[in-house]
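A.B. asks: for reference, the sequence and a predicted model appear below.
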Amino acid sequence: MSVADIAAVTALVTGGATVALIVILHVLEPEYDPSWRMISEYSVGRYGWVMRIAFVTMAISPAAMCVALWPLGGAWTIGLAAVALGALGAAFIDADPIMTPRAEATRVGRAHTVLGGVLLAGFPPAALLAGVGVMTALGWVLAIASVVPWAGLVWFLIAAAPAHGQGGSPEIRIGWPDRFCLVAYLGWVVVAAIGVLSVV
């Protein structure tokens, strides 16, 4: 297998592990209502170490995809590595509870928000750029597939708008958009990995 093949398989395995770990957390900590609680909050729960591992695997997946796509797209794919840094940092810096108003956020919580923002807001443009960069080898499939991550980000931003920095509540249902983004982003990785494995 080539380096690109190994990286593509790594992206698939770690992406699958991320989803599996977060599904397990939903079972282990049912008190976190998925309709309005963020995935990041599992890091401050009883099984925070599981969420930290999920953040690490979440970081490895797009980073490995950057390596896999590099021979086809070069610098166009570097954004995938950049968003991976957001997930990796979030693995070691815990979130504040969602109910915390922005004015009362801790330094650690603010840092986590920035890192989470790098991942959440950074992935759709990174995916689009990577898709454009590899279109000579893979066609438009990855650029078109980036529409789904963009839709997830827009849904999340619309859902989060009513908070106005006052913190989350059961009325502000950002939990499902947050989870949709995760699945959409890792779904794009699956499509990219299959593309690499089919041509490299």
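C.D. replies: Ah, there it is. Numbers count the residues shown, from 1 in each chain.
A.B. asks: all helices for the chain, in order.
C.D. replies: Listed in chain order, the helices found in the chain under DSSP state H are 3-28, 48-73, 78-90, 107-133, 135-138, 141-145, 147-160, 175-199.
A.B. asks: pLDDT wise, what is the residue located most distally from the centre of the chain at?
C.D. replies: What lies farthest from the middle of the chain is residue 1; by CA atoms, centre = their mean that is 27.1 Å. What the model reports for residue 1 is a pLDDT of 84.
A.B. asks: including distance to residue 166 and mean neighbour count, could the helices of the chain go into JSON lines?
C.D. replies: Where C-beta positions appear, they are placed from N, C-alpha and C, glycine not excepted. Shown next, in JSON lines, are the helices of the chain (distance: least, CB to CB, whole Å; neighbours: other CB atoms under 10 Å):
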{"stretch": "helix 3-28", "distance to residue 166": "26", "mean neighbour count": "18"}
{"stretch": "helix 48-73", "distance to residue 166": "25", "mean neighbour count": "23"}
{"stretch": "helix 78-90", "distance to residue 166": "22", "mean neighbour count": "21"}
{"stretch": "helix 107-133", "distance to residue 166": "14", "mean neighbour count": "20"}
{"stretch": "helix 135-138", "distance to residue 166": "43", "mean neighbour count": "16"}
{"stretch": "helix 141-145", "distance to residue 166": "35", "mean neighbour count": "19"}
{"stretch": "helix 147-160", "distance to residue 166": "11", "mean neighbour count": "17"}
{"stretch": "helix 175-199", "distance to residue 166": "17", "mean neighbour count": "21"}
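A.B. asks: circling back: how much space separates the residue farthest from the centre of the chain from residue 162?
C.D. replies: According to CB to CB, to the nearest Å, residue 1 stands 49 Å off from residue 162.
A.B. asks: same check, this time on residue 73
C.D. replies: 38 Å.
A.B. asks: what's the closest of the helices of the chain to residue 96?
C.D. replies: Counting by CB to CB, residue 96 lies closest to helix 107-133 out of the helices of the chain; the figure is 3.1 Å.
A.B. asks: what is that closest one packed up against?
C.D. replies: Under the contact definition 3 or more CB pairs under 8 Å, 6 or more residues apart in numbering; DSSP states H and E, helix 107-133 sits against helix 48-73, helix 78-90, helix 141-145, helix 147-160, helix 175-199.
A.B. asks: in TSV, list the ones you listed along with distance to residue 18 and mean pLDDT.
C.D. replies: Formatted as TSV, the helices and strands packed on helix 107-133 follow (distance: least, CB to CB, whole Å; pLDDT from 0 to 100):
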stretch	distance to residue 18	mean pLDDT
helix 48-73	5	97
helix 78-90	9	95
helix 141-145	18	96
helix 147-160	15	96
helix 175-199	6	96
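A.B. asks: contacting residues around the closest residue in space to residue 105 that isn't next to it in sequence?
C.D. replies: Residue nearest to residue 105 in three dimensions, not counting chain neighbours: residue 96, with 5.3 Å by CB to CB, 6 or more residues apart in numbering. Contacts for residue 96 (CB atoms under 8 Å, 6 or more residues apart in numbering) come out as 44, 105-106, 108-109, 112.
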